[in-house]
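*Asks:* one predicted model, sequence on top.
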Amino acid sequence: VSMIKVSDGIAGVSRREFLYGVGGGTLIASQFAEAAQPSAPLAQGQPEPKLQRVGEPPIEPSRRVGWAVVGLGKLALDQVLPAFGACGKSRLVALVSGDRAKAQRVASQYGVDPKHIYDYDSYDAIAQDPAIQVVYIILPNSLHANFSLRASRAGKHVLCEKPMAISATECQQMIDAAAQAQRKLMIGYRCHYEPCNLAAINLLRQGEIGKIRAVVTDNGQAIDPTDPAGEWRLRKSLAGGGSLMDIGIYGLNAARYLTGEEPIEVAAMVNSPGDDPRFREVEDLVVFTLRFPSGAIAHCSTSYSYAATSRFAVQGTTGVLTLDPATTYYEHALHVKTEKGSRKVELHEINQFAAEMDHFSAAILNQQPVKSPGEEGMQDVRLMHSIYEAARLGRPIKIDWTYRRPMQA
Ligand code: NDP
């Protein structure tokens, strides 16, 4: 059984949701962008896009890795829980929520036994629940560290949403706790599984546009303070920062994976309109510049007040590669322009969340490393703090923590 629903997304960002029924393996929808209308559900009788299975075949449900989801907010309810239907190695077994009635409703919808429902106080009892192997933390940013530490101490593997935490000190504590427990820690960089972003990385490494000289990233959307998911994002104590911590991180991470380098210098400017009550505690607009060892420079912007934008461009010595949209859930476009001409790279959309979860489950089952371990999340948190510091000082800062990314694509 498979079903597709199309709806509007967070703060007016158009977003396509796949709601799969029973599944297995990562399902991809061919020509999905053409098949779906942006603002209306698929009309009855309208053919569904063709789904294809990619990657390895699904394993028997009883052998799949058991996952607990912590925090039943927008991302969990709209994307992550439905994505289990497209997983072949991961299954939902437990829920953690501050809202018992909601958790019960969700449990019955996804076939989770109510005895595996926890709240934030009873959370540590997951240690005695052998059905749970992975804990997926989808809470406001400042709660990531606490719930990650407790999951590691309970002997569970952790997938934590981005940003990993709100300070580098917290990130280090999370890394240490996972290492001590001999459990894995991975950060939720879904774009590391997204075909357009992966194809862009491959083309760049093959020299399709020559030597990379500049990278441009723009990631923003107007934040709605009346939306519960917008409310905490505007409070420093819960969000840790503003647009940079929330969506600028996509451009920052991309500047690193597109160049395949780590920055050695940052400069930045921040602007938060004083007359806009949304920006009393966190920043609105950040424009930052990253210098890489090869001489390439990235200039990146992020904002909570400009119209929804998700765009990367890479300028090389012999061509230009553009991703727009670059980081949405189910719609991406990759264009390459070289001396030979312009072309759109045709790719299948996939469920990034299912691919990400199955990557983690496979790493657990096969005792393999993960693409985005804690150190990868910590690198971005350190860089974001350097960006804030460079803006505060009004001058560039030299940086290098000798971090090198473990896997390139
Ligand atoms: P929501 O506000 O929609 O959900 C957060 C949930 O956390 C709440 O619904 C609530 O769940 C729980 N919660 C516990 N304590 C609090 C508190 N004090 N205030 C508010 N909520 C609390 O946020 P999102 O789902 O949009 O974001 C959650 C995390 O996921 C963030 O870290 C965000 O950066 C990340 N994210 C990642 C995305 C990606 O594409 N990778 C996209 C969107 C978000 P309950 O009621 O069950 O207790």
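*Replies:* That came through fine.
*Asks:* going forward, measure contacts and count neighbours with C-alpha atoms only.
*Replies:* Noted.
*Asks:* show me what from this structure comes close to the ligand.
*Replies:* Applying CA under 6 Å from any ligand atom, we find that the chain lies next to the ligand at 71-76, 97-99, 138-141, 161-163, 188, 190, 228-229, 232, 246.
*Asks:* buried subset of these as a ChimeraX selection?
*Replies:* The following ChimeraX command selects only the buried members of the residues of the chain next to the ligand, with burial defined by 16 or more other CA atoms under 10 Å:
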select :71,72,76,97,138,139,140,141,161,162,163,188,190,229,232,246
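*Asks:* looking at the residues of the chain next to the ligand, which are in helices?
*Replies:* Cross-referencing these with the helices (criterion: DSSP state H) gives K74, L75, P228, A229 as the overlap.
*Asks:* and those residues, which two are the farthest apart?
*Replies:* With distance counted by CA to CA, no two of these lie farther apart than L75 and P228, which are 12.0 Å apart.
*Asks:* can you give me the strands for the stretch 1-150 of the chain?
*Replies:* Assigned strands in the stretch 1-150 of the chain, in chain order: 2-8, 14-20, 26-29, 51-54, 65-70, 90-96, 117-118, 134-137 (criterion: DSSP state E, counting those that start in this stretch).
*Asks:* list the contacts for the closest residue to the ligand within the stretch 101-250 of the chain?
*Replies:* Relative to the ligand, the nearest point of the stretch 101-250 of the chain is A229 (3.4 Å; CA to the nearest ligand atom). A229 is in contact with G73, K74, counting by CA atoms under 8 Å, 6 or more residues apart in numbering.
*Asks:* can you do 7 Å?
*Replies:* Remark: with contacts taken as CA atoms under 7 Å, 6 or more residues apart in numbering, A229 is in contact with K74.
*Asks:* neighbours of the spatially closest residue to G98 that is not a sequence neighbour, how many?
*Replies:* Taking CA to CA, 6 or more residues apart in numbering, and ignoring the residues beside it in sequence, G98 has D119 as its nearest neighbour in space, at 5.3 Å. The burial metric for D119, expressed as a neighbour count using other CA atoms under 10 Å, is 17.
*Asks:* my guess is D119 meets L95, correct?
*Replies:* No. Under the criterion of CA atoms under 7 Å, D119 makes no contact with L95, lying 8.3 Å away.
*Asks:* I figured R311 hits G220, correct?
*Replies:* No. Between R311 and G220 there is no contact under CA under 7 Å: 9.4 Å.
*Asks:* who has more neighbours out of those two?
*Replies:* Between R311 and G220, G220 has the larger neighbour count (other CA under 10 Å), namely 26 against 22.
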